[in-house]
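Novice: need a structure here:
(one chain, ligands or ions: 1)
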Amino acid sequence: MPSMNTLDAIRLRREITAFTAEPIPAVIRDQLEEALHLGPTGNHALSRRFILVEQRGLLDRLSRTTPWMEWLRQAALGVVILAEPGVSKYWLQDATIAGAFLWLAATDLGLGMAWGAVYHSEDAAESER
Ligand SMILES: Cc1cc2nc3c(=O)[nH]c(=O)nc-3n(C[C@H](O)[C@H](O)[C@H](O)COP(=O)(O)O)c2cc1C
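Specialist: Residues are numbered from 1 along each chain as shown. Presented below is the predicted three-dimensional model:
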């Protein structure tokens, strides 16, 4: 699939919550990882970290950390974005921009992607809509 321009990716991006069983090739996964790391950060402080998860059992367990991430049980890849408030006061912005870059890159690469907000999941009230 030819690469699209940025504005097309912005226009086409949608949350997709149903996935095929097709695995994601390593070359595609590497490009997703690149997009994550290329996001800007406040003060150039690297307050976010990324964990790419492909193990079925782990994806299934992660899907249960909030009531709103059922779709992760079908996904071939999960990307956990960790934000570290101790590293930068811009931790939330930094992590969010990384997620947005990932979403546009996924759209460009022809992948469906959804977003799950795991907000203090130990507190049920935090996970309410
Ligand atoms: C910060 C944030 C948190 C979100 N959390 C969830 C979530 O926990 N579960 C989910 O299925 N979708 C989640 N979404 C996806 C939104 O529901 C979705 O983007 C919105 O309905 C608009 O649809 P669209 O992305 O197709 O334009 C989240 C999106 C953002 C930006």
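Novice: quick one: low-confidence parts of the chain?
Specialist: The chain contains residues with pLDDT under 70 at 1-2, 120-124, 126-129.
Novice: what does stretch 16-32 rub up against?
Specialist: With Cβ atoms under 8 Å, 6 or more residues apart in numbering as the test, stretch 16-32 has contacts from 52, 54, 70-71, 74-77, 79, 102, 105-106, 109, 111-114. C-beta here means a position set from N, CA and C on the backbone, and glycine is covered the same way.
Novice: go with 7 Å
Specialist: 52, 71, 74-77, 102, 105-106, 109, 112-114 (Cβ atoms under 7 Å, 6 or more residues apart in numbering).
Novice: shouldn't Ala95 be in contact with Val79?
Specialist: No. With contacts counted by Cβ atoms under 7 Å, Ala95 stays clear of Val79, the gap being 11.2 Å.
Novice: Tally up the residues packed near Gly112, please.
Specialist: When neighbours are counted by other Cβ atoms under 10 Å, Gly112 registers 16.
Novice: and it, how far is that from Ala106?
Specialist: For Gly112, the distance to Ala106 equals 7 Å [Cβ to Cβ, to the nearest Å].
Novice: give me every residue that touches the nearest residue to Ile81 once chain neighbours are set aside.
Specialist: Excluding its sequence neighbours, the residue lying closest to Ile81 (Cβ to Cβ, 6 or more residues apart in numbering) is Ala95, at 5.0 Å. Contacts for Ala95 were tallied using Cβ under 7 Å, 6+ apart; they are 48, 81, 83.
Novice: Which one (most neighbours) among those?
Specialist: That'd be Arg48 among the contacts of Ala95, by other Cβ under 10 Å, with 25 neighbours.
Novice: OK, contacts around that residue?
Specialist: 81-83, 94-95, 98.
Novice: Look up the residues forming beta bridges with it.
Specialist: Ala83 (DSSP bridges).
Novice: tell me which parts of the chain are close to the ligand?
Specialist: 14-15, 17, 66, 68-69, 114-117 (Cβ under 6 Å from any ligand atom).
Novice: if we go to 8 Å?
Specialist: 13-17, 66, 68-71, 96, 99, 114-118 (Cβ under 8 Å from any ligand atom).
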